[in-house]
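Peer 1: with the input below, show me the fold.
(2 chains)
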Protein chains: 2
Amino acid sequence: MRTLKFTIQYDGTDYVGWQRQPNGVSIQELIESALAPIEGGAVTLHGAGRTDAGVHALGQVASATLSNTLAPETIARALNAVLPPAVRILGAEEMPADFHARFSARAKAYEYRIVNAPVISPFLHRYAWHVPYALDIEAMRTASAALRGRHDFAAFQAAGSSVTSTERTILSLTIIADRGSDGSLVVRVTGDGFLRHMVRNIVGTLVEIGSTRRGTSEMPAILESHDRAQAGPTAPPHGLFLTEVTY
Amino acid sequence: MRTLKFTIQYDGTDYVGWQRQPNGVSIQELIESALAPIEGGAVTLHGAGRTDAGVHALGQVASATLSNTLAPETIARALNAVLPPAVRILGAEEMPADFHARFSARAKAYEYRIVNAPVISPFLHRYAWHVPYALDIEAMRTASAALRGRHDFAAFQAAGSSVTSTERTILSLTIIADRGSDGSLVVRVTGDGFLRHMVRNIVGTLVEIGSTRRGTSEMPAILESHDRAQAGPTAPPHGLFLTEVTY
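Peer 2: Below is the predicted model of the structure:
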């Protein structure tokens, strides 16, 4: 037996998310089904991040314990030959036996893409949130400072979630604006872990502040409230990309 | 009556091409149908380039003669409100009465996108030709020099076409390689006009030369043969973008 680590890209548009679900096709199910004939038996794949329906990945990582002796690159090629073009295995490598894509992860990076312009390109509408009204980027940057560091992020957790601790550390959060071209706005956030919908709830709140419907000074109070109802709406899934997992 | 000029972007993936056809939905039909209730009657739209099924546009131009008195920007906004997200009106402006998107065009620019890497990103597979084998870019550049200038391009015209003249001028043809990242390769070509499938047949021939299945020195002979059978295969439509029309 050996443990393999897979690096995976996917366009989440047509899937129910990373995790197996009864109501549609998941990325996990697609890859597990493609791995089974290679392994000669059922395979369980552990994903680093359980991306929701419609969320994309540029660098998802998954691990599996396999008994076959094929070279990792051969397995990656065989998977790409049968997977739909919306899912690509970028690489496969052998890891120590105790490697686990989720539990071994030290940090994850997400990118949330916004197009802040009157019209969104036909080539971006599946991959960015279209915000046609003016945004005050500086206000968003000022408000985001309160989120960096270790905090209880309960206010940004999806309602109805149950986890033992809602404390997480945001290692970096930057807002990159390219106003010259098509109004591209990217929120890059790295953390030691994220609660369900946390990035999308943070982005939804930042956009409310950017639209000046809320003041920059409200962010610390929202955070300290630990109350989901105090934060802004959940930004739509199709702007979110899991970009990197660090071990 | 007045003449309007529309600048249009579209993702051609799900359409039969620019021009109205009985066998499916065309971009022309979509926009004409959206214009009709605004105009209060049927509208005929003239496109600068009749892009084929699956071909995309970043800067298609179309003209129409209208009798309504709405501001051009109001018409553009009304069109975007009803068109599918795959088709966007970037702008609308009033032109002299004799302006015609196709007949008034002085030059057109196309971009053909190739991903020359073992694996193509899920986000590019609809928008670039995936060529997984090695390409000799310098050989492609050398061969492309023979195409610049005024020539009879009959060898690169789709079989079965009938036009009065097959002479065209290629004003510029450049190959931009970004080998650092994802193997992106772009063929940019500008001309005073193009025969049916001309850009795709040129790219198909250049890729044959890049794969060293054919020598760079064959290009002048292919051009002078005026025989479609001498040129390479037609590159697939989904790598092609109509980028700009100059007046």
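
Peer 1: for A:Glu208, what are its contacts?
Peer 2: A:Arg214, A:Gly232, A:Pro233 (Cβ atoms under 8 Å, 6 or more residues apart in numbering or on different chains). In short, each C-beta sits where N, CA and C put it, glycine included.

Peer 1: select only the buried ones of those residues in ChimeraX?
Peer 2: Typed into ChimeraX, the line below selects the buried ones among these, using 16 or more other Cβ atoms under 10 Å in any protein chain shown:
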select /A:214,232
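
Peer 1: sec struct for the residue lying farthest from the centre of chain A, please.
Peer 2: Within chain A, A:Thr69 marks the point farthest from the mean C-alpha position, 31.8 Å out by Cα atoms, centre = their mean. What DSSP: H, G, I helix; E, B strand; the rest coil gives for A:Thr69 is coil.

Peer 1: with A:Lys108 instead?
Peer 2: Applying three-state DSSP: A:Lys108 is strand.

Peer 1: pLDDT score for it?
Peer 2: pLDDT, A:Lys108: 98.

Peer 1: quick one: it and A:Leu195 touch, right?
Peer 2: No: under the criterion of Cβ atoms under 8 Å, A:Lys108 is not in contact with A:Leu195, lying 12.0 Å apart.

Peer 1: of those two, who's got more company?
Peer 2: Set A:Lys108 next to A:Leu195 and count neighbours by other Cβ atoms under 10 Å in any protein chain shown: A:Lys108 wins out with 24 against 21.

Peer 1: quickly list what that one is bridged to.
Peer 2: A:Gly191, A:Val245 (DSSP bridges).

Peer 1: how much space separates it from B:Gly183?
Peer 2: 27 Å (Cβ to Cβ, to the nearest Å).

Peer 1: please enumerate the helices of chain A.
Peer 2: A:27-39, A:72-82, A:137-144, A:198-210, A:218-225 (DSSP state H).

Peer 1: who does the second one touch, helix- and strand-wise?
Peer 2: Think helix A:72-82. strand A:2-10, helix A:27-39, strand A:87-95 (3 or more Cβ pairs under 8 Å, 6 or more residues apart in numbering or on different chains; DSSP states H and E).

Peer 1: mean neighbour count, these: which tops it?
Peer 2: strand A:2-10 (a mean of 22; mean count of other Cβ atoms under 10 Å in any protein chain shown).

Peer 1: contacts for that one?
Peer 2: Under Cβ under 8 Å, 6+ apart, the answer for strand A:2-10 is A:27, A:31, A:45, A:56-67, A:72, A:75-76, A:86-99, A:101, B:121-123.

Peer 1: same question, stretch A:116-133
Peer 2: A:11, A:13, A:56, A:112-115, A:134-135, A:177, A:182-185, A:203, A:207, A:211, A:235-236, A:238-239, A:241, B:9-11, B:56, B:80, B:85-90, B:123, B:127.

Peer 1: and if you look at stretch A:69-78?
Peer 2: Residues contacting stretch A:69-78 (Cβ under 8 Å, 6+ apart): A:4, A:6, A:34-35, A:38, A:66, A:68, A:89-94.

Peer 1: report the buried residues of that stretch.
Peer 2: Buried, per 16+ other Cβ under 10 Å, within stretch A:69-78: A:Pro72, A:Ile75, A:Ala76, A:Ala78.

Peer 1: low-confidence regions, chain A specifically.
Peer 2: Counting by pLDDT under 70, chain A shows low-confidence ranges at A:179-181.

Peer 1: what residues does it put near chain B?
Peer 2: Residues of chain A lying close to chain B by Cβ under 8 Å from any Cβ of the partner chain are A:9-11, A:56, A:80, A:85-90, A:119-123, A:125, A:127.

Peer 1: hmm, back to that, which one of the contacts of A:Glu208 sits closest to chain B?
Peer 2: Using Cβ to the nearest Cβ, A:Pro233 is the member of the contacts of A:Glu208 that lies nearest chain B, at 20.7 Å.

Peer 1: which non-adjacent residue is nearest that closest one?
Peer 2: What sits nearest to A:Pro233 in space, not counting adjacent residues and going by Cβ to Cβ, 6 or more residues apart in numbering or on different chains, is A:Gly204, at 4.4 Å.

Peer 1: in contact with that neighbour, which residues?
Peer 2: Taking Cβ under 8 Å, 6+ apart as the test, what A:Gly204 contacts is A:Ala231, A:Gly232, A:Pro233, A:Thr234, A:Ala235.

Peer 1: circling back: how close does the residue farthest from the centre of chain A get to A:Ile31?
Peer 2: 20 Å.
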